[in-house]
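1. Would you be able to build a 3D model of this:
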Amino acid sequence: MNPKIEKITREIDNLQSRIANDQERLKDLRRQRVDLENTEIIVLFRSVDVAPAELAAFIEKYKQQSTGALAPINNTAESYRPAPVITEEDTDE
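-> Now for the predicted structure:
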């Protein structure tokens, strides 16, 4: 076979291999990002005193509100519970 064709064929093979490796790396990085985002969401959830059922109800209302299927969420004093205040003493573990 022509040496130029062989050289180009090897270069194609090498490039395909690098592309496959880069695609795997991209997939891994995307998975890592999702994991970190999920961890951040969990930390935020745990930083407030909300029962899982209350959070689920809030998310459902928010989804309905964002699609226009529900009037704005009623933030009355009865439904509002402030987040606990975290001091430096609380963060020293």
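2. Check the offset of the longest helix anywhere in the chain from the chain's centre.
-> Of all the segments of type helix in the chain, defined by DSSP state H, the longest one is helix 3-46. How far helix 3-46 lies from its chain's middle: 18 Å, per C-alpha atoms, centre = their mean, to the nearest Å.
3. what angle do the following helix or strand past it and helix 3-46 make?
-> Reading on from helix 3-46 to the C-terminus, the next helix or strand found by DSSP states H and E is helix 52-66. Angle between the axes of helix 52-66 and helix 3-46 is 110 degrees (criterion: axes from the mean of the first three to the mean of the last three C-alpha atoms, to 10 degrees).
4. Buried residues in helix 52-66, which are they?
-> Under the neighbour-count criterion of 16 or more other C-beta atoms under 10 Å, helix 52-66 has Lys61 buried. All C-beta atoms are positioned from the backbone trio N, CA, C, and that covers glycine.
5. helices or strands up against it?
-> Here helix 52-66 is seen to pack against no other helix or strand when contacts are counted using 3 or more C-beta pairs under 8 Å, 6 or more residues apart in numbering; DSSP states H and E.
6. pLDDT averaged over that helix - what is it?
-> Along helix 52-66, the predicted local confidence has a mean pLDDT of 89.
7. what do you get for stretch 2-15?
-> 96.
8. pLDDT score assigned to the residue positioned nearest the centre of the chain?
-> What sits nearest the mean C-alpha location of the chain, by C-alpha atoms, centre = their mean, is Glu37, with 3.4 Å. Listed pLDDT for Glu37 reads 96.
9. Kindly report the same for Asn74.
-> We note a pLDDT of 54 for Asn74 in this prediction.
10. how much space between the closest residue to Leu55 other than its chain neighbours and Ile5?
-> The shortest distance from Leu55 to any residue that is not its chain neighbour, by C-beta to C-beta, 6 or more residues apart in numbering, is 6.4 Å, and that residue is Phe45. Note on Phe45: its distance to Ile5, by C-beta to C-beta, to the nearest Å, is 60 Å.
11. Ok, Gln65 next?
-> Summarising the geometry, the distance separating Gln65 from Ile5, computed by C-beta to C-beta, is 63 Å.
12. No more questions from me, cheers.
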